[in-house]
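heads up, no residue letters with this:
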């Protein structure tokens, strides 16, 4: 079995010779850098690499009085579960790897993270948001977990989506979701939140679609006949764009409210004007409303020669995740992945990021409460809206709150 596995890894181009500097902090960045989820993976990687470049330009991380630069290895999981599992196995076999940052697709997380956990390798998941990424460990009763998450998980997002519909005085909704782990998990989160928020919304139909589907006429017709006043949606960009385009073709002028993947460039580009008005929870909006946001946006545009970040929140989460990891390395005074894990669970120094200033983002793992390894809370997420090819703040109050909070941080 081991021989077969090794051959499979080599066939995929894994187990390639990796020359690590002896005095470097070795971090792997993984995600879909090709395929349908690439806008998220590339944005996350680019944001992370901006942080790495900044840290290295300052001489690296202070590790017990010794400056050590970060050395990165990249692995493209292509958004495919099988490929992601092989990538995770390769990383788990590496010596002197301090940690892993990344992964976009919930299915890839579920397929691969167990190999890292078996070896106790510290991983910060970002931006995969599916609830099962972390609840799998609490359900299994794992006592000592090396996996953390740095993104607004779907329980937070689903709560916001449901509340948005309720606040708009809607009573009948249709739930649309794709058939991936992410989509199915999102559907369950929506149903749980509808119940939790008093069953004020009636789900008149639940519709599913597959990756690659382009015609959503049948699903939309059922939603229309059922009297849906809004569509709550969980999926990946291209298919959700097909839903938006189908709604326009059928004259269905209903709110489209869904998970953060609505912010993907392949939703915005494929939906065009039909995507305008779609609502989505976001941890970062590409607007220079604070000095940190302005600098980050400008650096991203300049470095990667773009005028719009393909997935702004993925980029911002990748950036902040690197700084949080670096702070843990400094506190641990070690590049040992187990010591870094312990430092993350009790991170003492605040970490100033583009999304927020992170104060004690994690605590010691408790299998009865997976939120001990979840960095994000509701206050770090806002509602975004698609407008003319970009994501903007849906509510002015969110923008003003973030400006006020940033002003308070800068005055400290």
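Sure, I can see it. None of these values were measured; they are calculated from a predicted model.

would you list every one of the helices in the stretch 51-200 of the chain?
Along the stretch 51-200 of the chain, the segments classed as helices by DSSP state H, counting those that start in this stretch run 81-92, 106-119, 132-139, 154-167, 181-196.

nearest to residue 381, of these?
Nearest of the helices of the stretch 51-200 of the chain to residue 381, taken as CB to CB: helix 154-167 at 5.8 Å. Where you see a C-beta, it was placed from the backbone N, CA and C, and this is true even at glycine.

where in the protein is pLDDT low?
For the chain, the stretches with pLDDT under 70 are 1-22, 409-412.

who wins for proximity to residue 350 among the helices of the stretch 51-200 of the chain?
helix 154-167 (21.6 Å).

What lies in contact with the closest one?
Residues outside helix 154-167 that contact it (CB atoms under 8 Å, 6 or more residues apart in numbering) are 129-131, 173, 185-186, 189-190, 192-194, 196-197, 200-201, 230, 232, 234, 255, 257-260, 279, 281, 376-378, 381, 383.

Buried subset of those residues, written for PyMOL?
To isolate the buried members of those in PyMOL, using 16 or more other CB atoms under 10 Å:
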select buried, resi 129+130+131+173+185+186+189+190+193+194+201+230+232+234+255+257+258+259+260+279+281+376+381+383
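
Counting only strands, which of the contacts of helix 154-167 make the cut?
173, 230, 232, 234, 257, 258, 279, 281, 383 (DSSP state E).

Tell me the spacing between the closest residue to the second one other than its chain neighbours and residue 341.
Pointing back at residue 230 there. Leaving aside its chain neighbours, residue 230 sits nearest to residue 255 (4.2 Å; criterion: CB to CB, 6 or more residues apart in numbering). The gap separating residue 255 from residue 341 is 42 Å, by CB to CB, to the nearest Å.

can you check residue 299 too?
Relative to residue 341, and taking CB to CB, residue 299 is found at 30 Å.

For the two, work out which one has more neighbours and name it.
Neighbour count, other CB atoms under 10 Å: between residue 299 and residue 341, residue 341 has more, with 24 against 16.

For residue 72, give its distance to residue 375.
21 Å.

Which one's more surrounded, these two?
It is residue 375, of residue 72 and residue 375, that has more neighbours when counted by other CB under 10 Å, with 27 against 18.

Tell me who's in contact with the more buried one.
By CB under 8 Å, 6+ apart, the residues touching residue 375 are 148, 149, 150, 151, 324, 358, 361, 362.

can you count the residues close to the residue nearest to the fourth one when sequence neighbours are not counted?
Pointing back at residue 151 there. In this structure, residue 151 finds its nearest non-sequential neighbour in residue 127, 4.3 Å apart by CB to CB, 6+ apart. A count of neighbours around residue 127, defined by other CB under 10 Å, yields 28.

Could you do residue 163 as well?
Neighbours of residue 163 (other CB under 10 Å): 16.
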